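Peer 1: Have a look; sequence and predicted model below, questions after that.
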Amino acid sequence: MKHGSRSLLTKHSIIMAVFIVACIATGDQSRAAEFSFGDGTGKNEACIACHGNQEKVDSKNYINPTSFGHTTHAKFGCTTCHDTIASNHPNGKSVASTTRCDDCHGDIITQYSASIHATKASCSGCHNPHRVFKPGEISAIEMNKQCAGCHDTNKITASHAQWLPQAGVHLGAISCVTCHSKAENYVITIYIAKRADSDPEQKPELASFEELKKRSGSDSIQYLIDRNRDSYISLDELRKFNRDSANQDLYLKAILTPVKPTHSFQTFDNRWDCTFCHASGPEIMQTSYLSFPEQNGTFQQIAVEKGAAMDALHAIPNFYLMGSTRNGLLNKLGLLIIIGGMVMPVGHGFFRFLSRKNRQ
Amino acid sequence: MSSIMVYLQPIPVRIWHWLNALGIVTLCVSGAQIRFPEYVTLFGSYRSAIMLHNTAGIVVALSFSIWFFYYKFVADSLADIYIPKGSDLTTGLFRQVIFYFFAYFFGAPNPHHATPESKFNPLQKSAYLAIMFVLMPFVSLTGILLMNMGPMREIVMLVGGLKILVAIHFLLACSLCAFIFTHVYLATLGSTPLAYFKPMWSGWEKVEHHGTEHSH
């Protein structure tokens, strides 16, 4: 009996303990919902409910939900980085963070630290952690705009013009990181740009998602060019887009971009040599992608048939990289013309030699 | 057989001609380096080739202006010398072709006799008409546009784009290159191989009477 009473007491104690723990846990959960930070599993609705609403927060604290939702950072959740958020947020101090970029991006930080740029700007100087994309998801124009945030475009053009002929044309046809970061390979990325009110060389302006969507209607923007909807852009489709009178206010802006830009920012010696690009040979100029804007602020790339930049006339009418994008057919035609000029000296000269005695 | 000296090539024409010759040869070679940098490296760096090509292009465009200004406004003989007359087209061209491709080999004299007022035979007139009024202006114009892509972008767009402009420039340049081979060869068809080169240097041509060649 005594043993039985003890057992009953123990059982009651356990039930009581479980109840108390359950109460504490329930209280914590309700408080988590009350304080609007994310749950660390990629569901950031609580945070975004305020920070994604421009009426609730100032511009400094506003986070575009669509752009942020696309990032890998969003998948980790707000509190992964903002790990020291005060329990009384938003009434407390600003959201603190002990998380550093190199907690996850150590390799890139090491690479960046060795570059001349490291002392000039921190990661957030170029990257908004709430709006980070993979290299192909951001347009070269926007990448250049980030550089222009610190580097005045006019001064940059003037400094390049000291050694680079037609500096403005060059700077409009390549992304800054093409020359100023160490990348292994390059491609030609084609964007849809607006002709009106833009300076195609120094300040090309790409058509926005909304502007292109008006043209494509219920269809994807992609089908403005990809007419047979096979998610592959043929040279013929590029030509048709260029010839279509409905696209008179647009043009295809091609930019030489690195496949995988690195963070080793510096001016490499071989980039001073024009032949780095201009004698790179036609082979490297074969690969190109069409890049068009998506609703979430990113760009999507579609493979383009080999040789778009090499096409003689209409595929990318305004992209020509002297020396490297020479067209083979034109080369042969030019050679035929020159050989035609040699017909007279060789042919006539031959008979002239044979008949030389007639003129003595 | 007597001969007289005729002042055939005035100083402005000679200056223009040799500036043009030097310029066009330079343009052809530097242009080859610009288009085929892996194979042609005659002028050193790519940048040097570009700078030289641009400079030579400006020189040729200016010398073309000298030519036009002299013939049109000073000598006032542009049409007479360069535009074929009716008889040139009806019989002159045929006669000259027969001479170059048939009669010449049998030692027949050139049917055309050069004078300051009529320097070119009908075949030359037709060729130079195409070269001086089509090839040269268009190759210069396309070159000027290519040198000023930024400020002249809208004109380039109107032409149809940079690619079309480059294609036109390249094919016209090849045509000029082809012309040089033919031109230099025909210049050796005088009484001696250098007979037609000397007047373009000194201005004076030795014209022989009684049926010898006088023109190339």
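Peer 2: Cool, got the structure.

Peer 1: neighbours around A:Q295, how many?
Peer 2: Neighbours of A:Q295 under the rule other Cβ atoms under 10 Å in any protein chain shown: 11. Heads up, the C-betas are built off the backbone N, CA and C, glycines and all.

Peer 1: Would you check how far apart the residue nearest to it when sequence neighbours are not counted and A:T84 are?
Peer 2: Leaving aside its sequence neighbours, A:Q295 sits nearest to A:F209 (Cβ to Cβ, 6 or more residues apart in numbering or on different chains; 5.6 Å). Plainly put, A:F209 is 37 Å away from A:T84 if you go by Cβ to Cβ, to the nearest Å.

Peer 1: Which one's more surrounded, these two?
Peer 2: A:F209 (17 against 11).

Peer 1: Surely A:L252 is in a strand?
Peer 2: Yes: read with DSSP: H, G, I helix; E, B strand; the rest coil, A:L252 is one of the residues of a strand.

Peer 1: could you list every residue that touches it?
Peer 2: Applying Cβ atoms under 8 Å, 6 or more residues apart in numbering or on different chains, we find A:L252 in contact with A:I190, A:Y191, A:I192, A:A193, A:L238, A:F241, A:N242, A:I316, A:P317, A:N318, A:F319.

Peer 1: With neighbour count added, can I get those residues in a markdown table?
Peer 2: Formatted as a markdown table, the contacts of A:L252 follow (neighbours: other Cβ atoms under 10 Å in any protein chain shown):
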| residue | neighbour count |
| --- | --- |
| A:I190 | 26 |
| A:Y191 | 22 |
| A:I192 | 23 |
| A:A193 | 20 |
| A:L238 | 23 |
| A:F241 | 22 |
| A:N242 | 20 |
| A:I316 | 27 |
| A:P317 | 24 |
| A:N318 | 22 |
| A:F319 | 23 |
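
Peer 1: Chain B next: which of those residues are close?
Peer 2: Under the cut-off given by Cβ under 8 Å from any Cβ of the partner chain, chain B has A:N242, A:I316, A:P317, A:N318, A:F319 from the contacts of A:L252 close to it.

Peer 1: Pick the one among those closest to chain B.
Peer 2: Among the ones next to chain B among the contacts of A:L252, A:P317 lies closest to chain B (Cβ to the nearest Cβ), at 2.6 Å.

Peer 1: ok, the nearest residue to the closest one once chain neighbours are set aside - contacts?
Peer 2: Excluding its sequence neighbours, the residue lying closest to A:P317 (Cβ to Cβ, 6+ apart) is B:G161, at 2.6 Å. By Cβ under 8 Å, 6+ apart, the contact set of B:G161 is A:N242, A:L313, A:H314, A:P317, A:N318.

Peer 1: mind showing which ranges of the chain have poor pLDDT?
Peer 2: Answering for chain A, as no chain was given. Along chain A, the model assigns pLDDT under 70 to residues A:1-43, A:92-96, A:197-202.

Peer 1: not what I meant, chain B
Peer 2: Applying pLDDT under 70 to chain B flags the ranges B:1-2, B:208-216.

Peer 1: those strands in chain B, which residues are they?
Peer 2: Secondary structure of chain B (DSSP state E): strands located at B:3-7, B:204-208.

Peer 1: Could you say which one of the ones you listed comes nearest to chain A?
Peer 2: Chain A lies closest, by Cβ to the nearest Cβ, to one member of the strands of chain B: strand B:204-208, at 14.0 Å.

Peer 1: Note down every partner strand of the closest one and its orientation.
Peer 2: Sheet pairing here is set by DSSP bridges, and for strand B:204-208 it gives strand B:3-7 (antiparallel).
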